[in-house]
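Asks: generate a structure from the sequence data that follows.
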Amino acid sequence: MAGRPRPGRRGRADPPHLSGAVRGHRRRRAGRGRRPAARRPVPRALRPGQATKTWFGVIFYSAQVLPYFAIYTFMPQILATLRISGADTQNLVLNLALLLGGVIGLWPVQRLGRRPFTIGTFTILTLCLAAMAVLSGASSGALMVPFLIYTFVMAGASTITQVYPAELFPTALRGSGVGFLNGTSRVASAIGTFVLPVSLSHFGAGWSMGWMALVLLLGTVVSVAWAPETRDTLTAEDLHH
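Replies: Residues are numbered from 1 along each chain as shown. Predicted coordinates:
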């Protein structure tokens, strides 16, 4: 009759009188010729030859901005927790150090090269926060010395984020690679600004400076191990000029 499936025709429904075993056998035979699903290709930024630079960029950028955003977002609370007298005056001095560091830091980025500049600034920043952790109970003057040095150097160190990430990737990957580094660094800065006030209220300024010093130490170690020198790297755009 019209409308009823005929037995033995491929692609038609099986007659109702066939057993489940027969139906399963037919389905297995029909599926033998199908190709297995293709594997997703590894992103080019994570392939051998580029993966080390990509992960260095992620860690270097994130380790730098996490304490930066956390500290300067909650600078008044940090100064109060450290019991620094004349907080308004000290806040003004620190902001001036930020301004001077950002301007003066433009020169050594190009003069020293990317790798030594990154390693050197990470080392100084780590030592400054470690000193603040150890001296958390000291006088205001003793605490402000490493804090001022940290502020000045951090402002200068941040200038490298404008050039280094782009130089870690070839031209074909530059847009997506820099976007990836920017995205991961913003996640790190959000984590820092969330954790720091909780850390200050529960553990105090000493421990808070201590764990941020460890973040910077991670950036130092990764920079020593993986940081490439890209100052004289030519891009495809450079070759056409």
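Asks: give me the below-cutoff pLDDT ranges for this structure.
Replies: 1-42, 85, 87, 233-241 (pLDDT under 70).
Asks: and the strand or helix carrying Phe152, what does it pack against?
Replies: Assigned by DSSP states H and E, Phe152 belongs to helix 140-157. In this structure, helix 140-157 packs against helix 51-73, helix 87-104, helix 114-134, with contacts taken as 3 or more CB pairs under 8 Å, 6 or more residues apart in numbering; DSSP states H and E. Quick note: C-beta positions are derived from backbone N, CA and C, even for glycine.
Asks: dump those into CSV; add distance to Phe203 as well.
Replies: CSV is the format used below for the helices and strands packed on helix 140-157 (distance: least, CB to CB, whole Å):
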stretch, distance to Phe203
helix 51-73, 14
helix 87-104, 21
helix 114-134, 11
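Asks: following the helix holding Phe152 in sequence, what is the next regular element?
Replies: Past helix 140-157, heading to the C-terminal end, the next element that is a helix or strand (DSSP H and E) is helix 164-167.
Asks: which residue, other than its chain neighbours, is closest to the residue nearest the centre of the chain?
Replies: Nearest to the mean C-alpha position of the chain, by CA atoms, centre = their mean, lies Ser62 at 3.2 Å. In space, not counting the residues next to it along the chain, Ser62 is nearest to Ala188; the distance is 3.6 Å by CB to CB, 6 or more residues apart in numbering.
Asks: so the one you found touches Pro67, yeah?
Replies: No. Taking contacts as CB atoms under 8 Å, Ala188 lies outside contact range of Pro67: 9.6 Å.
Asks: those two: which has the busier surroundings?
Replies: Looking at Ala188 and Pro67 with other CB atoms under 10 Å, you find the greater number of neighbours at Pro67, namely 27 against 23.
Asks: now do the contacts for that one.
Replies: When the contact criterion is CB atoms under 8 Å, 6 or more residues apart in numbering, the partners of Pro67 are Leu125, Leu129, Met154, Gly192, Met212, Val215, Leu216.
Asks: the fourth one: how many residues sit nearby?
Replies: This points to Gly192. Around Gly192 there are 22 other residues, counting by other CB under 10 Å.
Asks: list the contacts for it?
Replies: Contacts for Gly192 (CB under 8 Å, 6+ apart) come out as Val65, Leu66, Pro67, Phe69, Ala70, Met212.
Asks: now do the contacts for the fifth one.
Replies: Residues in contact with Ala70, defined by CB under 8 Å, 6+ apart, are Ser189, Gly192, Thr193, Val195, Leu196, Met212.
Asks: and the fourth one, by the same measure?
Replies: Applying CB under 8 Å, 6+ apart, one finds that Phe69 lies in contact with Ser189, Gly192, Thr193.
Asks: which helix in this structure runs the most residues?
Replies: The helix of greatest length in the chain, counted in residues with DSSP state H as the criterion, is given as helix 174-226.
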